[in-house]
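J.: Please find the sequence and the predicted model below.
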Amino acid sequence: MSQRTRQILTSGVLLAWALFLWWAERNLDAYYVRVLNTAAIYVVAAVSYTLINGIAGQFSLGPNGFMALGGYVVALLILPLAQKEMGWILEPLAWPFNTFSLPPHLFPLAVLAGGIVAVAGGFVVGFPSLRLRGDYLAIATFGFGEIIFVLANNLIGLTNGAMGIKGIPNYATLWWTWGWAIFTIWVVRNLAQSSFGRAMKAIREDEVAAAAMGINVFRLKLLALVVSAFFGGVAGGLLAALISTVSPTIFTFTMTFNLLVIIVLGGLGSTTGAAVTAVLFTVLQELLRIVETPIRIGPLQLPGVSGMRMVIFSVLLVALMLFYRRGLFGRSEFSWEWVLGKFRQRGMASASDQSGNLEA
Amino acid sequence: MQATSREILKLERVTMNFGGLTAVSDFSLDLFPGELVGLIGPNGAGKTTVFNLITGQYTPTRGRIYFEGRDITGWPPHLVTAAGIARTFQNIRLFGGLSVLENVLVAYHVRLRATFWEAMFQLPRYNREERRMRQEGMELLRRVGLERLAEAEAGSLPYGQQRQLEIARALATGPRLLLLDEPAAGMNPEETRRLMDFIQHIRREFNLTILLIEHDMQLVMGICERIRVLDYGVSIAEGPPEAIQKDPRVIAAYLGEAEEEDVVG
Ligand SMILES: Nc1ncnc2c1ncn2[C@@H]1O[C@H](COP(=O)(O)OP(=O)(O)O)[C@@H](O)[C@H]1O
Ligand SMILES: [Mg+2]
């Protein structure tokens, strides 16, 4: 298949998706729009997370920390001044955030700033831990998330402590969230398929051999972590502007756990796999709300169990690890050749069905 | 002492201790451009450790290492590779999940001039370089006879071809000195003979100096001009193959090993 055909197919799908978003914005009710937005944010977070965990093979538990940084930065930048005056009761909001509020058209700048602060976080956590071989990154990133949690609770002059920041304007429209989602997929996929991605995969396969090929292992691990942190920050910033509130409890380890489920289900190391699973996960999570609310089946009154969804996801994860190791996509990326191949196979299968040729 | 620029590699009284164990003791070695030298010795003699010292996996406890007159003692592995030394591993260490071509392309990454921004946004300079790397990679695979397998997963190749690919991958780093750690391990005599031909071939074709570790003495006799023998970390003999074969100390070292094996089982 020629490059040109692929480009046309991809542009066609993007255009169809844009039309759908345009329609959705006008016709779907707020709940569904929010689910769509959430899905996009999960795409940003999951695709970037798989870069460090799946492509570079370095076990990071950092996303919740990076997302928290992005979330708070965006909140502080776009929160209206009125809110900034009223919201902080125990302690006034610190300078310079109490002096300005970015207007809606500078929202992208705020999100970018969230990403950049998360990058700084990525350096802080990656610099000491990535020099060492082994699972230091997992420990360091986990600790990082916990530190952010403690800081969010205690730096009241910035974060308003446990009460969190409320009344963040809902700038995260479908266009921004899906725009970022598609941008993230494009960029991370390009990187993963480039020479840099090859070097990261080489490190995943065999760190000693990668170094013997001249790869600066530390630098590439750090690159993977930092790019991943950037989009984590972006995802957090978008989330803040979607749900209009940030507080320490939004960015707990559960967030990282969800993302871990997504990237493993998607096939660790596949960016498009992570994207597809992120959407499926969001939808499934909404559908499963049923199990957490009380329901009546005839005479039977079932109480809702909160946290039940996580149990179901955990069971799903374990089942998948047992029976379907490679996840949805394995390490492969989505490609048009693969899709067309599937169609051809199906066409051939139905043709042979018609000729009465039944095979197991 | 100043290293002369005549030797391509010079080890000066290198010692490596692991805790109480002295794996390599007071080891000196001079390699001259274009030579093919064998490093032999019984199992556990310290041969692989010598490679790990040269390539920067370990930093010697004492002693200096010079490559083309430059002191490379303590350099990290990726810089040693960039300086022009490539190696293979005793237990093959390919990037099993990557394709044969990708295994080779990894070695070209250091030469990439485009930044990661250009790769991320697929800018023209990066795309040009990527195309050129792929061409070059295919060309290299052709030269070593692996081009038909370019898209195959490296981990799925038969053993002999994995060995060959590992050498090809080392060549892709553009080395002047190649270190081969028991390349014939696990091969039958016929495969071994072909491998030795292959090594001779690439040595000429790529203008290499080669240091070859071999456990089995007979194998290296045919192709090495000069052989160095290690036993318990100590250099016990050096000379042309015929002399080494007759050297009583070498025979004793290998006899000792045979006896140990008899005792063990
Ligand atoms: N990283 C290490 N830590 C501790 N001991 C080691 C290490 N590497 C090698 N050794 C020891 O050094 C000695 C020489 O090993 P090696 O160089 O692998 O021998 P050879 O390659 O000649 O078979 C052995 O006794 C081995 O156990
Ligand atoms: Mg060895």
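T.: The structure has been received and is ready for your questions. Numbering: from 1, shown residues only, chains lettered A, B, ... in the order given. Ligands and ions are numbered 1, 2, ... in the order given.

J.: do stretch B:98-107 and chain A meet at all?
T.: Yes - for stretch B:98-107, a contact with chain A is found by Cβ under 8 Å from any Cβ of the partner chain, at B:L98, B:E102, B:L105, B:V106, B:A107. Quick note: C-beta positions are derived from backbone N, CA and C, even for glycine.

J.: next one: phi and psi at the closest residue to chain A within the stretch 151-265 of chain B?
T.: Closest residue of the stretch 151-265 of chain B to chain A, Cβ to the nearest Cβ: B:T173 (5.5 Å). Torsion angles at B:T173 (phi, psi; degrees, to the nearest 10) stand at phi -80, psi 0.

J.: The one 10 residues further on too?
T.: The main-chain torsion angles of B:P183 are listed as degrees, to the nearest 10 and equal phi -70, psi -20.

J.: Now do the same contact list for it.
T.: Listed by Cβ atoms under 8 Å, 6 or more residues apart in numbering or on different chains, the contact set of B:P183 reads B:T88, B:R163, B:I167, B:L195, B:I199, B:L212.

J.: buried stuff in the longest helix seen in chain B?
T.: Ordering each helix of chain B by length in residues (DSSP state H) puts helix B:124-144 first. Judged by neighbour count (16 or more other Cβ atoms under 10 Å in any protein chain shown), helix B:124-144 contains these buried residues: B:Y126, B:E129, B:E130, B:M133, B:R134, B:G137, B:M138, B:L140, B:L141, B:V144.

J.: I'd like to know how far the last one sits from B:I167.
T.: Counting by Cβ to Cβ, to the nearest Å, the gap between B:V144 and B:I167 amounts to 7 Å.

J.: any residues in contact with both of those two?
T.: Common neighbours of B:V144 and B:I167 (Cβ under 8 Å, 6+ apart) are B:F198, B:I202.

J.: What pLDDT is listed against the nearest residue to A:A45 once chain neighbours are set aside?
T.: Once flanking residues are discounted, A:A45 sits nearest to A:A235: 3.9 Å by Cβ to Cβ, 6 or more residues apart in numbering or on different chains. pLDDT for A:A235: 98.

J.: where exactly do the helices run in chain B?
T.: Here chain B has its helices, by DSSP H, at B:47-54, B:77-83, B:100-106, B:116-120, B:124-144, B:159-172, B:189-205, B:217-221, B:241-246, B:248-264.

J.: Equivalent analysis for the stretch 51-200 of chain A, please.
T.: Along the stretch 51-200 of chain A, the stretches classed as helices by DSSP state H, counting those that start in this stretch are A:63-78, A:81-87, A:107-129, A:136-154, A:156-159, A:174-193, A:195-205.

J.: picking up where we left off before, okay, who's weakest in the contacts of B:P183 by pLDDT?
T.: Among those, B:L195 has the weakest pLDDT, 88.

J.: circling back to that earlier point, mean pLDDT added to the helices of the stretch 51-200 of chain A, as CSV?
T.: Converted to CSV, those look like this (pLDDT from 0 to 100):
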stretch, mean pLDDT
helix A:63-78, 96
helix A:81-87, 86
helix A:107-129, 96
helix A:136-154, 94
helix A:156-159, 90
helix A:174-193, 96
helix A:195-205, 97
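
J.: quick one, which of those is packed in tightest?
T.: When you average the neighbours per residue for each of these (mean count of other Cβ atoms under 10 Å in any protein chain shown), helix A:63-78 leads with a mean of 30.

J.: what about that one, distance to the chain center?
T.: Centroid displacement of helix A:63-78 relative to its chain, using Cα atoms, centre = their mean, to the nearest Å, is 14 Å.

J.: What residues does the residue nearest to A:A45 make contact with?
T.: Counting by Cβ under 8 Å, 6+ apart, A:A235 has contacts A:I41, A:Y42, A:V44, A:A45, A:S48, A:P63, A:M67, A:G70, A:W180.

J.: which residues touch the first one?
T.: Okay, so that is A:I41. Here A:I41 is in contact with A:A172, A:T177, A:A181, A:A235, A:L238, A:L239, A:L242 (criterion: Cβ under 8 Å, 6+ apart).

J.: Check for me that it belongs to a helix.
T.: Yes - according to DSSP: H, G, I helix; E, B strand; the rest coil, A:I41 belongs to a helix.

J.: Excluding chain neighbours, give the residue nearest to B:D231 in space.
T.: B:A253 (4.2 Å).

J.: Close to chain B: what parts of chain A are there?
T.: A:187, A:190-191, A:194-196, A:198-199, A:201-202, A:204-206, A:208-217, A:223, A:331.

J.: same for ligand 2: which of those residues are within range?
T.: Residues of the residues of chain A next to chain B in contact with ligand 2 (Cβ under 5 Å from the ion): none.

J.: and the longest helix for chain A?
T.: helix A:217-243.

J.: Contacts only, for the residue of the stretch 1-150 of chain B found nearest ligand 2.
T.: Of the stretch 1-150 of chain B, the residue with the smallest distance to ligand 2, taken as Cβ to the ion, is B:T48 at 3.2 Å. If a contact means Cβ under 8 Å, 6+ apart, then B:T48 has B:Q90, B:D181, B:I213 as its contacts.

J.: now do A:S129
T.: Counted by Cβ under 8 Å, 6+ apart, A:S129 has contacts A:Y136, A:L137, A:I139, A:A140, A:T141.

J.: Could you check how far the last one is from ligand 1?
T.: The reference is to A:T141. 28 Å (Cβ to the nearest ligand atom, to the nearest Å).

J.: wait, that residue sits on A:N64?
T.: No - using Cβ atoms under 8 Å, A:T141 is not in contact with A:N64, being 9.2 Å away.

J.: quick one: which of the contacts of A:I41 is nearest A:L340?
T.: Using Cβ to Cβ, A:A181 comes nearest to A:L340 of the contacts of A:I41, at 24.5 Å.

J.: so how far is A:N37 from the closest one?
T.: A:A181 is 10 Å from A:N37, by Cβ to Cβ.

J.: Also B:R203?
T.: From B:R203 to A:N37 the distance is 62 Å (Cβ to Cβ).

J.: before we move on, what about B:L105?
T.: With Cβ to Cβ as the criterion, B:L105 and A:N37 are 39 Å apart.
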